[in-house]
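*Asks:* take this sequence and fold it.
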Amino acid sequence: MLSNTVRRSLAAPSWRRAIAASTAGIVHKTAARGISARLVASDGFRVSRTHAAPSSRSAFLSTAAAAADAVDPAPKVPLTTPSQRANDPVNDPANHQPKSPETPFAPTPERKYKYFQNVEITPRGVAIIRFDNPDKKVNTLSFALMKEAQSLWNDDVHSDPSIKSVVFASAKESGFIAGADIFDIQRIEDKADLVPVIEQALEFFLKMKSKGVPLVAAIHGPALGGGLEWAMWCDYRICTDSPSTKMGLPEVKLGLLPGFGGTQNLPALVGVQNGLDIMLTGKDVRADKAKKMGLVDLVVAPQSLEKVAIETAEGLADGTVQRSRPKKKSLMNRIIEDTPPGQYVMWNKVKQMVDKNSGGHYPAPYAIVDCVKFGLANPGEAKFKHEREEFAKLAATKESEALIGIFDGMNQMKKPSVAVDPLPVKKVAVMGAGLMGAGIAQVTAEKGYQVLLKDRDDASLGRGISYMTDNWDKKLKRKRMTKYQHNMNSSRVVPLSDQTESWKRHFAGADLVIEAVFENLELKRKIVQQVEEVTPDHCVFATNTSAIPIADIAAPGEEVKRPENIVGMHYFSPVPSMPLLEIIPHAGTSDEALSTAFAVGTKQGKTCVVVKDVPGFYVNRCLGPILVEFCALVKEGVPLDKLDKAMKNFGMPVGPATLIDEVGVDVASKVATYLASADLGVRMTGGDLSLMTNMVDKGWLGRKSKQGFFTYSGKKDKKLGPEVKAYLNEFTSGNVSNLSEVDIQDRIASRLINEAAKCLEDGIIESPVAGDIGLVFGIGFAPFKGGPFRYLDSVGASSYVDRMNGFADQLGGQFEPCQLLRDYAASGKKFHG
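*Replies:* Model (predicted):
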């Protein structure tokens, strides 16, 4: 009876959700969950909304393509998604990096400490300690702050008998503490040196507790990472009900674990299952849920926070308020967490889910689980020692280095290379209310812009409005948006159609127009003409094309009078979920137009990469050779399941056969054909693309037609059917290949990586950082490898070039390394420092 009860509990959807999202799952599902929605070729084919893959299916290809519907706006690469980072100082990497140089600090009687305001002591003996970093928009837990905290505590608090209780608060409206300063960790070369540093911090927290007075954390805004760990050392936690208030331990997304006691204190407060959920997913916990699970003791309005915190501290000191205790567990949770049979089943389930979602590529989730288990078995000080030693080990891993590199890269991508200020933009017009246009309108309205959404007729417009409203309704239901925000977003959108007599008057006030219509050059130039006739001279025109050269759209002529205002903004679909935006200037694009597009894209929550105006831009261009190589491997007789398994083991979200089925065999075929006729030359040779064109002729279009490389009968049920087996047998002439998994991985990955390097060589991308960010966020390139250029640094350009040369000798010129790779191999240089 006991085992059945435990098994049912562990099989419940809430448990599966709690454990399922380990680092790999989180990162992949962000940058890559379903490139199935849209993949556009030269003739402008686009998958309709009804054919878009549901969010439960994963895919990674993005030849203008992207993620599935309703992916949580949470990373999904270090700390949070770009959509959460826009206008969010907490999750802006720039705010976690010290300004150079930092503001010099000289103590004065009015300001004794750099990172804290002077301690205020109330008449009833409550010491109020306010975090206040002058160099950043948010407070971060740096080594310097921790050292100063020790001085403050020793000098002003610990030996003062008049202090009966302590309140920790923030002097900043932006939040409590946004987390530890990641770049402190980067600067330490020998990561073993982190152990004594963390030990000193733990000694401080223990000394803080040893004073024996009640400690209260007053939390408004984010308390993340080290910020939440600080709060958990307190006896009582009060937070506000503000939408900006969130708590979490996101270290797993950087390949790390909570190092200031978090793996021990969190499970003690909220239970093992809830604690693992928070730490393995890195997700944020909002105020209402935090109160329900026992993470905080009280939720108040922002304007009441400090007053209530002081009163609570007084009550804790005089005994009128009871100290916080861990929330009482339900009978079921006691059985699962506190009995040997329950623990046995629980830990097995945890390992299964971490294995499934990490693929064994990410050590951090395993270390977190190990620390929690160790702490339960060793309740003394040894558990903290074990935690900090595990932290140092993780900090030394190549996986953590890669994930922090992505985080650092996001900071470097915050501004375009041009030094011109963007135009002030208040009103954005979006032409086309389809899946792309409506998505663009949604993220634009959510960031406070006035939005004009226009389509040819009211019916098309209505579908676009419904798309946005449905998405906002889902956010409201999931408590990711307040009713007020929902109403404000809706009020910012003005729906317009050709039948709306006033549409031209509305457009007269537009600062930016984003066109998201079908891929037809004549149509796009006609829209440019219409827009230029009714918009002011400064208005920037951005086209969301995935294939048509921007220069062709902007070519001066009867339709185009302001080519300098035209720029490409290539979104990935569905827009609300996908973090990447390619910004494509043509030769005549003004710096002001480029800067404006970049600024708006960044505010929309996108990580922007400036890309040269060439066929396929960057992401699409890199994917073309993969499609060709897949065809070559199939022709040689490599089984589909072996291909898929090999690339998943490499670290991709899905394998190439599943990928093509998700995006549509017809779409993948059109893309490959288009790029094969473009300027890539020999790099798009070596495979027989008729593999896909013949399937299109048969009507085997992938999941959307229930038949592609696999036969589909449900969301998860797929198999290799007899018709496809017969077709593949004919296509391969009966060949069966015993190619090793490593050879499969290297053949596919090398063609992608070589194309990325060629893009850098040709100036299509501006830097290796841009190349890494583009492919991690655009196609889900294994985040634990850090992107193609960090991967090359890891394995060595020389050995990689040798590997490619071997393939070239055996298989042909499509594997010839580009000159830039050869140069780096010869010199021993690295792409990143």
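
*Asks:* quick one: the helices in the stretch 651-800 of the chain?
*Replies:* 656-663, 665-676, 690-697, 722-731, 741-761, 768-779, 788-795, 797-811 (DSSP state H, counting those that start in this stretch).

*Asks:* buried residues, the third one. List them.
*Replies:* Under the neighbour-count criterion of 16 or more other C-beta atoms under 10 Å, helix 690-697 has 691-696 buried. Every C-beta, even on glycine, is put in place using the N, C-alpha and C of the backbone.

*Asks:* hmm, which two among the residues you listed are most spread apart?
*Replies:* 691 and 696 (10.3 Å; C-beta to C-beta).

*Asks:* where along the stretch 251-400 of the chain do the strands fall?
*Replies:* All strands of the stretch 251-400 of the chain, identified by DSSP state E, counting those that start in this stretch, fall at 285-286, 298-300.

*Asks:* shaky segments in the chain?
*Replies:* Across the chain, the ranges flagged by pLDDT under 70 are 1-102.

*Asks:* go again with 50.
*Replies:* 1-100 (pLDDT under 50).

*Asks:* which ones are touching residue 539?
*Replies:* 510-513, 531, 565 (C-beta atoms under 8 Å, 6 or more residues apart in numbering).

*Asks:* return the distance of the nearest residue to residue 370 once chain neighbours are set aside relative to residue 368.
*Replies:* Leaving aside its sequence neighbours, residue 370 sits nearest to residue 390 (C-beta to C-beta, 6 or more residues apart in numbering; 6.8 Å). According to C-beta to C-beta, to the nearest Å, residue 390 stands 8 Å off from residue 368.

*Asks:* ramachandran angles for the closest residue to residue 313 other than its chain neighbours?
*Replies:* In space, and not counting its chain neighbours, residue 313 is closest to residue 165: 3.8 Å by C-beta to C-beta, 6+ apart. Torsion angles at residue 165 (phi, psi; degrees, to the nearest 10) stand at phi -160, psi 160.

*Asks:* could you verify my assumption that residue 165 touches residue 212?
*Replies:* No. Using C-beta atoms under 8 Å, residue 165 is not in contact with residue 212; the gap is 10.4 Å.

*Asks:* same drill for the two, tell me which one is more crowded.
*Replies:* Between residue 165 and residue 212, counted using other C-beta atoms under 10 Å, the more crowded position is residue 165 (26 against 5).

*Asks:* any idea what that one is bridged to?
*Replies:* Legend: beta-bridge partners of residue 165 under DSSP bridges are residue 126.

*Asks:* which residues touch it?
*Replies:* If you count contacts by C-beta under 8 Å, 6+ apart, then residue 165 has 125-127, 213-216, 313-314, 316-317 around it.

*Asks:* just residue 420 next, same as before
*Replies:* With contact taken as C-beta under 8 Å, 6+ apart, residue 420 is in contact with 591-592, 594-595.

*Asks:* which one among those residues gets closest to residue 160?
*Replies:* Out of those, the member with the shortest distance to residue 160 (by C-beta to C-beta) is residue 595, at 53.4 Å.

*Asks:* nearest spatial neighbour of the closest one, chain-adjacent residues omitted?
*Replies:* Nearest to residue 595 is residue 422, by C-beta to C-beta, 6+ apart, at 4.2 Å.

*Asks:* any idea how many residues pack against that neighbour?
*Replies:* Counted with other C-beta under 10 Å, the neighbours of residue 422 add up to 23.

*Asks:* that one: what's it in contact with?
*Replies:* Counting by C-beta under 8 Å, 6+ apart, residue 422 has contacts 592, 595-596, 598-600.

*Asks:* now for the residues you listed: which two are most distant?
*Replies:* 592 and 600 (12.6 Å).

*Asks:* neighbour count for these two, which is higher?
*Replies:* residue 600 (26 against 17).

*Asks:* output stretch 310-322 as CSV, nothing but the C-alphas.
*Replies:* Extracted as CSV, the C-alpha positions of stretch 310-322 are listed here (Å, rounded to 0.1, in the frame of the first residue of the first chain):
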residue,chain,number,x,y,z
ILE,A,310,10.0,46.8,11.8
GLU,A,311,6.9,46.0,13.7
THR,A,312,7.5,42.3,13.1
ALA,A,313,11.1,42.6,14.3
GLU,A,314,9.9,44.3,17.4
GLY,A,315,7.3,41.6,18.0
LEU,A,316,9.9,38.8,17.4
ALA,A,317,12.1,40.5,20.0
ASP,A,318,9.5,40.8,22.7
GLY,A,319,7.8,37.5,22.0
THR,A,320,4.5,38.8,20.6
VAL,A,321,5.3,37.4,17.2
GLN,A,322,6.3,33.8,16.8
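
*Asks:* so which bits of it are buried?
*Replies:* Going by neighbour count (16+ other C-beta under 10 Å), the buried part of stretch 310-322 is 310-317, 321.

*Asks:* picking that back up, helix, strand or coil for the residue nearest to residue 595?
*Replies:* Three-state assignment for residue 422 (DSSP: H, G, I helix; E, B strand; the rest coil): coil.

*Asks:* thinking again about what came up before, could the contacts of residue 539 go into JSON lines alongside neighbour count?
*Replies:* Below are the contacts of residue 539 laid out as JSON lines (neighbours: other C-beta atoms under 10 Å):
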{"residue": "510", "neighbour count": "25"}
{"residue": "511", "neighbour count": "21"}
{"residue": "512", "neighbour count": "28"}
{"residue": "513", "neighbour count": "27"}
{"residue": "531", "neighbour count": "20"}
{"residue": "565", "neighbour count": "27"}
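
*Asks:* please flag which of the residues you listed sit within strands.
*Replies:* Among the contacts of residue 539, the residues falling in strands (DSSP state E) are 512-513.

*Asks:* residue 671: which of the contacts of residue 539 is nearest?
*Replies:* When those are compared against residue 671 (criterion: C-beta to C-beta), the nearest one is residue 513, at 26.9 Å.

*Asks:* got a list of what the nearest residue to that closest one once chain neighbours are set aside touches?
*Replies:* Of all residues not flanking residue 513 in the chain, residue 429 sits nearest, at 4.5 Å (C-beta to C-beta, 6+ apart). Taking C-beta under 8 Å, 6+ apart, we find residue 429 in contact with 451-454, 506-507, 510, 512-514, 531, 535.

*Asks:* the same query, at a cut-off of 6 Å, please.
*Replies:* For residue 429, the contact set (C-beta atoms under 6 Å, 6 or more residues apart in numbering) comprises 452, 507, 510, 513.

*Asks:* sorry, back to before: I'd like the contacts of residue 165 as CSV, with distance to residue 187 appended.
*Replies:* Formatted as CSV, the contacts of residue 165 follow (distance: C-beta to C-beta, whole Å):
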residue, distance to residue 187
125, 40
126, 37
127, 32
213, 35
214, 36
215, 30
216, 33
313, 36
314, 42
316, 39
317, 40
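
*Asks:* out of these, who's nearest residue 479?
*Replies:* If you rank those by distance to residue 479 using C-beta to C-beta, residue 216 comes first, at 26.0 Å.

*Asks:* report all helices and strands that the helix or strand harbouring the closest one contacts.
*Replies:* Per DSSP states H and E, residue 216 falls inside strand 215-219. Other elements packing on strand 215-219 under the criterion 3 or more C-beta pairs under 6 Å, 6 or more residues apart in numbering; DSSP states H and E are strand 165-170, strand 236-240, helix 305-318.
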